[in-house]
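J.: I would like the atomic coordinates for the input below:
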Amino acid sequence: MTRRGLLVPALGALVASMAAACSPLAVLNAVAPRDPGVRRVARDLPYGDDPRQRFDIFAPAAVGQGARLPVLVLFYGGGWDSGSRDVYGWAAQALAAQGFVVALPDYRLVPEVHFPTFVEDAAAATASVAEIVATYGGDPARLGVLGHSAGAHLAMMIALDAHYMADLGQPGLIKAAAGLAGPYDFLPFDVASSINAFGRWPDPRETQPLTYARADAPPLWLGHGTADVVVHDEDTILLDARMRELGGRCEAKLYPGLNHADLIATFAPLFRKKAPVLTDVSAFFHRELG
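T.: Numbers count the residues shown, from 1 in each chain. This is a model prediction of the structure:
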């Protein structure tokens, strides 16, 4: 599998062994230890008319009235054709425990939609979060986006290609963005997931986050495992280099021995000692969002 491919992510052998016939993410979400002191404060908030245009919000339980915490919008992965917020609550909860108000949206998937619809959903969800998050203790003036795998692609597209947020009347909303094991330069389309998601678009370059690297982009943080064979760490290296070449703010960290799934699995307490990914990305957002 080359770095250009993107498959539905799976967790490591330890989680898989817990339920051979069940979704590993569902198992992790259902039975693995979670961070305490966090609660889901809203469920099924709409940002559009489609049933998948909904998001949940997680926040520290001790947030007092009038609090204004930095806000994160988290996009899960799944090859643009699978995934559900119902099995990613543990990841949003881990971030909320670090002192953020965290929104976890669903978005429409292939084959019902194709590029750029799922990116437009990511932008619409982010704009909707900003409109209501103050009710839940968040500060929309300090908002960042992040994602894993295909979710990292969404986060980088709406952070770098300025038209997505500008079209919604929110051109400066995203103040920082992070990507975990993200595909940022995966031309030509040579696996089913990328062909199905992007193959109909007339200019393939317009589907790639690397195309939109710019000096005035929000600060970026990029994390990748050196053992990732689904999306090779070259994607992170290339985007980091291009941003720096243009004078943009970007930092990249490679985690020796971590694979594609590890970059998000290490958010869970069960796997957190494997690498400080959650600590690193949280520190970035606290620094950039204040």
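J.: Now do Met165 against Pro171, distance only.
T.: Counting by CB to CB, to the nearest Å, the gap from Met165 to Pro171 is 6 Å. In short, each C-beta sits where N, CA and C put it, glycine included.
J.: Same question for Met243.
T.: Separation of Met243 from Pro171 (CB to CB): 19 Å.
J.: now swap in Lys273 and tell me
T.: Separation of Lys273 from Pro171 (CB to CB) stands at 41 Å.
J.: Give me the more crowded residue out of those two.
T.: Shown here are Lys273 and Pro171; by other CB atoms under 10 Å, Pro171 has more neighbours (12 against 8).
J.: Can you tell me the element the more buried one falls in?
T.: Of the helices and strands defined by DSSP states H and E, none includes Pro171.
J.: Who are the contact partners of it?
T.: Listed by CB atoms under 8 Å, 6 or more residues apart in numbering, the contact partners of Pro171 are 162, 165.
J.: Tell me, what's the model's pLDDT at it?
T.: You'll see Pro171 listed with a pLDDT of 97.
J.: now for the lengthiest helix in the chain, which elements pack on it?
T.: Of all the elements of type helix in the chain, the one with the most residues (DSSP state H) is helix 117-132. Judged by 3 or more CB pairs under 8 Å, 6 or more residues apart in numbering; DSSP states H and E, the packing partners of helix 117-132 are strand 38-46, strand 54-60, strand 69-75, strand 101-105, strand 138-148, helix 150-160, helix 163-166.
J.: One more pass at 7 Å, please.
T.: When contacts are defined as 3 or more CB pairs under 7 Å, 6 or more residues apart in numbering; DSSP states H and E, helix 117-132 packs onto strand 69-75, strand 138-148, helix 150-160, helix 163-166.
J.: Tell me which of those sits most buried.
T.: Among these, judged by mean count of other CB atoms under 10 Å, the one packed with the most neighbours on average is helix 150-160 (a mean of 30).
J.: And the average pLDDT for that one is what?
T.: On average, helix 150-160 scores 98.
J.: which residues are in contact with it?
T.: With contact meaning CB atoms under 7 Å, 6 or more residues apart in numbering, helix 150-160 is reached by 6, 75-80, 118-119, 122-123, 126, 145-147, 164-165, 174, 177, 179-184, 209, 212-214, 217-218.
J.: how does it look with 6 Å?
T.: With contact meaning CB atoms under 6 Å, 6 or more residues apart in numbering, helix 150-160 is reached by 75-80, 119, 122-123, 145-147, 164, 174, 177, 179-180, 182-183, 209, 212, 217-218.
J.: same thing with stretch 111-125?
T.: Applying CB under 6 Å, 6+ apart, the contact partners of stretch 111-125 are 47, 55, 75, 80, 105, 107-108, 154, 157-158, 164-165, 168, 197-198, 200-201, 207.
J.: May I see the buried residues of it?
T.: Judged by neighbour count using 16 or more other CB atoms under 10 Å, the buried positions of stretch 111-125 are 113-125.
J.: Put the alpha carbons of it into CSV.
T.: C-alpha atoms of stretch 111-125 as CSV (Å, rounded to 0.1, in the frame of the first residue of the first chain):
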residue,chain,number,x,y,z
PRO,A,111,-21.3,6.9,-2.4
GLU,A,112,-24.2,9.2,-1.5
VAL,A,113,-22.0,12.2,-2.0
HIS,A,114,-18.6,12.9,-3.6
PHE,A,115,-16.0,15.7,-3.3
PRO,A,116,-16.5,18.5,-2.4
THR,A,117,-19.7,17.8,-0.5
PHE,A,118,-18.0,16.2,2.6
VAL,A,119,-15.6,19.1,2.8
GLU,A,120,-18.5,21.5,2.6
ASP,A,121,-20.2,19.6,5.4
ALA,A,122,-17.0,20.0,7.5
ALA,A,123,-17.1,23.7,6.9
ALA,A,124,-20.8,24.0,7.6
ALA,A,125,-20.5,22.0,10.9
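J.: now the angle from the longest helix of the chain to strand 69-75?
T.: With axes from the mean of the first three to the mean of the last three CA atoms, to 10 degrees applied, the angle from helix 117-132 to strand 69-75 works out at 160 degrees.
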